[in-house]
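Q: Turn this into a structure:
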Amino acid sequence: MLRFLIRRIAFAVLVLWIVTTGVFILFFVAAPDPAARFAGKSATPQTLALVRHRLGLDQSKIVQYGNFLKRLFHGDLGYSFATQQSVNTMIKQALPASLSLILGAAVLWMFAGIVSGVLSATRARSILDRVITLFVLLGISMPAFVVGLTLIYLLAGSVLTIFPPSGYANLLSGPVQWFQHLVLPWITLAFLQTAIYTRLTRGSLLDVLGEDYIRTARAKGLPERTVVYRHGLRSALTPVLTQFGIDIGVLIGGTLVTESVFGLQGIGQLTIRSLTLGDLPVIMAVVLVAAFFVVLANLLVDVGYSFLDPRIRLS
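A: Reported below is the predicted structural model:
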């Protein structure tokens, strides 16, 4: 197990290094004038000179690359040229809202998706299966902003006023307020994902329940609950876990619609503002942070594989 974990961590570090090198090439080598791109269209010659000095663009590319890696290793993401604020501070301010939104919604969609998928697979072609299929089609068809606005209207507006309609409350300032502000965003983000995970769990479990070892377990007289949950579901969760790792990583920078509807100042909102202003230091930092979470999520998925299927640790 230790060797398996070491190999996966080494591979994750390699992927991060490749992504970091790609970002450096994109922003510092391939660009005709990196200083002009970072400083913006209205930069004065004095500003351009300051940017070149601050970024070390008056040195060779090898030295620039070494300084770039050194700053990243020490956690220095630079300064925004639009606000003159530390990018580290901007990321720290935006990241808690996005992480709270994604992790809370992930718990909802994993639980609801797996439970509904198992019920649908074990009662295939029943009325319950058809009802769940209808829910899945509805979830896939409904855009996030429609779900969000509907929830605000029903539970935080004209019909009932149970939850706050918008904003984000930090967890440290009060768990109750934090929870109340995130219930509707969690449901909104989880609604589409639950439909996807339901279909994925159902299809995977149906395939597994048709395997020879499942028929052998039933022939030995094992209870159906043991066959489904101990033998079948464990193998069926492998593709579900794969999709989960992809979704968690991608959604770090992909929750723009939900954040916009509920006024959450997360990474998605920060990305849009940076793109609008052409604030390349912040854009570059968001790319690196998103890449880190994608790699981290997939590393955790690889570890999860080893518990679902011990053969993976030996491969």
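
Q: Can you measure across stretch 255-273, start residue to end residue?
A: One end of stretch 255-273 sits 14 Å from the other (C-alpha to C-alpha, to the nearest Å).

Q: which residues sit against that stretch?
A: Stretch 255-273 is contacted from outside by 90-91, 93-95, 97-98, 101-102, 143-145, 148-149, 152, 165-168, 181, 184-185, 188-189, 252-254, 279, 282-283, 286, 289-290, using C-beta atoms under 8 Å, 6 or more residues apart in numbering. (Each C-beta comes from the backbone N, C-alpha and C, glycine too.)

Q: Filter those residues down to the ones in helices?
A: Of the contacts of stretch 255-273, the ones assigned to helices by DSSP state H are 90-91, 93-95, 97-98, 101-102, 144-145, 148-149, 152, 181, 184-185, 188-189, 282-283, 286, 289-290.

Q: where in the protein is pLDDT low?
A: 1, 30-34, 37-42, 55, 158, 253-254, 309-315 (pLDDT under 70).

Q: before we move on, back to that, could you turn the buried ones of the contacts of stretch 255-273 into a PyMOL selection?
A: Selection command for PyMOL covering only the buried members of the contacts of stretch 255-273, criterion 16 or more other C-beta atoms under 10 Å:
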select buried, resi 90+91+94+95+97+98+101+102+144+148+152+165+168+181+184+185+188+189+252+253+254+279+282+283+286+289+290
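
Q: what about I6, how many neighbours?
A: Neighbourhood size, I6 [other C-beta atoms under 10 Å]: 10.

Q: whoops, G157 was the one
A: By the criterion of other C-beta under 10 Å, G157 has 13 neighbours.

Q: Next: S141.
A: S141 is flanked by 10 other residues according to other C-beta under 10 Å.

Q: And the helices in the stretch 1-150 of the chain, which stretches?
A: Applying DSSP state H, counting those that start in this stretch to the stretch 1-150 of the chain gives helices spanning 2-24, 34-39, 45-55, 61-73, 87-122, 127-141, 144-155.

Q: Packing partners of the last one?
A: Taking 3 or more C-beta pairs under 8 Å, 6 or more residues apart in numbering; DSSP states H and E as contact, the helices and strands that helix 144-155 lies on are helix 175-209, helix 256-262.

Q: So Q64 sits against F28, correct?
A: Yes. Counting by C-beta atoms under 8 Å, a contact exists between Q64 and F28, whose distance comes to 6.1 Å.

Q: before we move on, back to that, quick one: closest of the helices of the stretch 1-150 of the chain to Y197.
A: Closest approach to Y197 among the helices of the stretch 1-150 of the chain is made by helix 87-122 (2.6 Å; C-beta to C-beta).

Q: which secondary structure elements does the closest one contact?
A: Packing partners of helix 87-122 (3+ C-beta pairs under 8 Å, 6+ apart): helix 127-141, helix 175-209, helix 233-251, helix 256-262, helix 267-277, helix 280-308.
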